[in-house]
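Trainee: Here you go, sequence then predicted model.
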Amino acid sequence: MTTDTIRIRGARENNLKDISLDIPKYQITVFTGVSGSGKSSLVLDTIAAKSRRELNDTFPTFVQQYLPKYGRPHVDSIEGLPIAVVIDQKKPAQNSRSTVGTYTDIYALIRLLFSRVGKPFVGYSDSFSFNHPQGSCPRCSGLGEIRELDIHKLVDFDKSLNDEDTIHYIAFGKGGWRWIRYARSGLFDLDKKIRDYSPEELDLFLNSPQIKLKNPPAGWPKSAKYEGLIPRMYRSIINSEEGLLHAAVLNPMLTMGTCPDCGGTRLNPKVLTCKIEGKNIAEACAMPISRLNAWIRNLSDPLAVDLKATIGARLSALEEIGLGYLSLDRPVGTLSGGEAQRCKIAKYINSSLSDVLYILDEPSVGLHNRDIERMKRSVRRLRDHGNTVLLVEHHPEMIRIADHIVDMGPGPGIDGGRIVFQGSYGELLKSGTATGSMIGEPVPFKAHPRSVIPSPAGAKESVFRLENATLHNLKGVTVDIPLGVMGVVAGVAGSGKSSLMECFRKAYPDPERVVYISQKNIGVSLRSTPATYMEVAGDIRKAFAKAHKMKEEYFTFNGKGACPVCGGKGVIVSEMAFMDAIETTCEACGGLRYAPEALAYTVTGATGETLNIAQVMDLSVRLASAFFKGTVIEQKLRPLVDVGLQYLHLNQALSTLSGGELQRLKLASYLGVEGKIFIIDEPTDGLHTQDIRHILRLFDSLVDRGNTVWLIEHNLDVIRCADWLIELGPGAGEDGGTVLYEGAPEGCKACPVSVTKEYL
């Protein structure tokens with residue numbers, strides 16, 4: 001076996017059709033193909049999962065219990081597999097204490113710089129950490145914002161402590177472990193309404209600091225201290241991780257605002273007195289990364305020499321990848337998936353490791369063509385350090401940098417899972433595959449864009465004027481937003497596109513008309529499927545129940561139809577102490593989840609097939625539509641076909657869908673409406689050129705039905721097919737936020753300040 005290839009044999013994960021291929025090492029290999037063709041199944045669910053699983057096996061069993069768990073991929077063998085680093089678009093876990101600086105590890109170096117060079121000396125590196133008691137602002141505990149508690153939303157003053165639900169938070173209900181600290185303190189009459197407490201009693205109940213009771217009742221723990229309700233809420237709930245965990249319950253009781261003591265810097269006053277050339281650490285971290293990099297390079301103190309080079313290299317990596325507009329104090333939770341992914345890439349650009357397998361999942365997401373050039377340079381740098389790079393990608397410019405291309409298809413779902421082409425970019429263009437054909441044929445500008453005419457007095461509104469928009473980096477923008485058209489807001493990443501549409505949403509007088517479709521999770525649970533989301537699961541159960549004159553609950557694995565051995569899970573989980581829990585397919589039901597009694601009943605569909613409930617639920621949307629042709633089930637599934645999700649299975653967990661697929665699923669539920677204003681955030685993410693052209697026809701049909709569609713988008717085909725274009729820029733962050741162009745897309749080519757025109 002040669003060591004310069006990764007040899008995959010017999011890959012059968014998801015829809016893969018027992019495929020085998022050799023991937024060259026130390027090169028960039030791009031995997032492309034229509035949505036659902038099997039790219040992620042091969043690259044992420046097979047190659048990455050195999051590498052990470054085997055790496056985890058090298059650790060002691062005690063350590064393995066704390067590591068992420070990866071399923072065993074269905075593949076005969078993989079040889080020559082390096083250790084894989086997956087750089088995906090998943091946003092880091094929500095944590096109010098995590099910033100761009102802490103996430104990229106640059107803030108630790110900045111802290112070290114200020115502890116060495118800053119004057120006056122206030123302490124060592126930890127003193128500059130807002131996550132450390134020595135550095136954090138005492139009022140906000142290093143969060144930078146205070147959450148003021150509305151005590152009247154927490155406490156019902158018309159009730160007593162002996163009433164139910166007097167204090168509206170977890171474990172404060174009658175009998176709860178938090179309630180006991182007040183009820184058994186001996187300080188209060190438990191049947192007396194809170195409103196009837198004396199001023200002294202009320203102050204003791206609400207505001208008392210921690211005190212040791214002088215003569216506690218018999219039921220009071222010996223070492224316990226009494227604490228008033230308000231300081232207790234702040235100490236143990238509001239300013240702790242519990243507040244994040246139960247935000248849905250807590251947030252309605254809170255008013256958010258910048259901490260007045262630290263001004264949002266998160267640090268205490270002593271730390272902020274320490275400065276380098278007139279700037280404290282908070283002011284330095286508030287600068288855009290591009291300006292901070294220049295400032296650090298110009299520091300003259302000899303103690304800063306070594307740190308300047310290290311910090312500069314990391315900041316330059318962020319700049320090179322197009323994130324120079326971010327600041328180190330930016331909360332990680334506010335980053336888009338694409339920005340978070342680029343932060344990860346920047347961390348690895350300066351890594352000393354080589355012979356690593358880097359796997360990037362659509363790194364072009366959220367990027368303007370100008371930013372794509374920077375991304376291409378960064379990906380090449382990863383390869384040139386002696387690494388192998390695999391990209392799952394649709395963007396023509398990213399495909400162009402490939403040393404090797406694997407095109408999957410020919411269709412989605414069960415129609416995919418095969419390799420339809422392997423070779424170079426030039427060979428792809430001549431291959432005749434859907435990818436090769438469409439890359440070489442860009443969409444022309446729309447021949448007859450819908451006209452935009454200012455509304456005459458008294459006529460139905462056709463243009464909405466947004467005035468003096470100042471959200472985030474918008475610089476007092478005034479712009480006309482036409483209605484009844486398909487419009488696009490374009491501009492480089494961070495130029496203010498989403499901010500502009502957010503202002504429009506808030507300013508539009510009829511909020512019921514506006515439908516915002518982002519790529520965020522649509523509230524899926526582990527049991528959510530396309531069948532449940534489109535509300536056809538109940539209709540399918542009804543069809544079986546009606547055919548056999550039985551109750552519907554006998555045809556659900558969450559009810560009486562569940563396999564009695566596995567309880568409807570389809571697997572048996574065996575806990576193995578410090579080792580991974582072992583999941584085995586339930587032998588009783590063969591993983592189908594249903595009891596033998598439920599599987600014994602069948603129905604015959606319009607296709608002439610006779611299937612049981614498990615077989616029906618495993619059908620793809622397309623096959624299920626044919627099976628139930630002429631029924632309400634077909635009608636309810638038709639929107640999924642219209643948005644290009646015909647390849648999904650009825651029983652597929654929504655947690656397995658990409659952001660773009662979830663977005664189209666949400667769009668499918670709106671296809672029959674009229675008179676709405678849709679704002680859709682980057683709907684082409686994760687879409688092949690063929691799918692993009694399909695969804696463009698769908699958007700046009702929505703407008704023809706009397707709706708308005710506004711897209712936040714970079715894709716050039718989408719811009720060319722729009723009726724109206726608003727371009728923001730010219731740069732990102734503080735360099736953006738102004739309108740460069742508004743009008744028909746073709747007119748953009750003559751706009752002297754447009755950033756997009758050269759790519760059109």
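Mentor: Thanks, I have it. Residues are numbered from 1 along each chain as shown.
Trainee: per-residue pLDDT, G175?
Mentor: According to the prediction, G175 has pLDDT 89.
Trainee: In terms of helix, strand or coil, where does it fall?
Mentor: When classified by DSSP: H, G, I helix; E, B strand; the rest coil, G175 comes out as coil.
Trainee: Next, work out how far apart it and D165 are.
Mentor: 12 Å (CB to CB, to the nearest Å). Heads up, the C-betas are built off the backbone N, CA and C, glycines and all.
Trainee: got the contact list for stretch 409-419?
Mentor: For stretch 409-419, contacts defined as CB atoms under 8 Å, 6 or more residues apart in numbering pick out 14-17, 19, 21, 33-38, 41, 406-408, 420, 433-435, 620, 622, 644, 646-649.
Trainee: among these, which ones are buried?
Mentor: 14-16, 19, 33-38, 41, 406-408, 420, 433-435, 620, 622, 644, 646-649 (16 or more other CB atoms under 10 Å).
Trainee: and the gap between the residue of the chain positioned farthest from its centre and F205?
Mentor: In the chain, the residue that sits farthest from the middle, by CA atoms, centre = their mean, is N215; the gap is 53.9 Å. N215 sits 18 Å away from F205 when distances are taken as CB to CB.
Trainee: next one: L466
Mentor: L466 is 49 Å from F205, by CB to CB.
Trainee: next one: V616
Mentor: 60 Å.
Trainee: Settle it for me: which of the two has more neighbours?
Mentor: In this view V616 and F205 are compared by other CB atoms under 10 Å, and V616 has more residues nearby, 25 against 19.
Trainee: wait, I19 sits on A11?
Mentor: Yes. Counting by CB atoms under 8 Å, I19 touches A11, with 5.1 Å between them.
Trainee: Quick check: neighbours shared by the two?
Mentor: L42.
Trainee: Confidence-wise, which helix or strand of this structure is lowest on average?
Mentor: Within the chain, no helix or strand scores below strand 579-585, which has a mean of 62 by mean pLDDT, DSSP states H and E.
Trainee: Now do the following helix or strand past that strand: everything it contacts.
Mentor: On the C-terminal side of strand 579-585, the closest following helix or strand by DSSP states H and E is helix 596-599. If you take CB under 8 Å, 6+ apart as the criterion, helix 596-599 is touched by 554-555, 561, 588-589, 592, 612-614.
Trainee: Just give me the closest of these to L245.
Mentor: G561 (34.6 Å; CB to CB).
Trainee: Relative to C563, how far out is the residue lying closest to that closest one once chain neighbours are set aside?
Mentor: Distances taken as CB to CB, 6 or more residues apart in numbering place A598 nearest to G561, at 3.9 Å, with adjacent residues excluded. Applying CB to CB, the value for A598 to C563 is 9 Å.
Trainee: Likewise for S115?
Mentor: Distance from S115 to C563, by CB to CB: 62 Å.
Trainee: And for F31?
Mentor: 37 Å.
Trainee: Next: P449.
Mentor: Applying CB to CB, the value for P449 to C563 is 57 Å.
Trainee: Neighbour count for the two, which is higher?
Mentor: Between P449 and C563, counted using other CB under 10 Å, C563 has the larger neighbour count: 22 against 18.
Trainee: Which residues are in contact with V332?
Mentor: With CB under 8 Å, 6+ apart, V332 has these contacts: 91-92, 95, 98-100, 102-103, 340.
Trainee: Quick check: chain neighbours aside, which residue is closest to it?
Mentor: V332's closest residue in space is S98 (CB to CB, 6+ apart), at 4.3 Å.
Trainee: so M398 sits right up against D371, yeah?
Mentor: No. In this structure, M398 is not within contact of D371 by CB under 8 Å, at 11.4 Å.
Trainee: Mind jotting down where the helices sit in the stretch 301-450 of the chain?
Mentor: Per DSSP state H, counting those that start in this stretch, the stretch 301-450 of the chain carries helices over the ranges 305-320, 337-349, 369-384, 396-400, 425-429, 434-439.
Trainee: any chance of these in CSV, with mean pLDDT and distance to A606 too?
Mentor: As requested, the helices of the stretch 301-450 of the chain are exported to CSV (pLDDT from 0 to 100; distance: least, CB to CB, whole Å):
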stretch, mean pLDDT, distance to A606
helix 305-320, 94, 57
helix 337-349, 86, 41
helix 369-384, 92, 47
helix 396-400, 93, 41
helix 425-429, 95, 40
helix 434-439, 90, 30
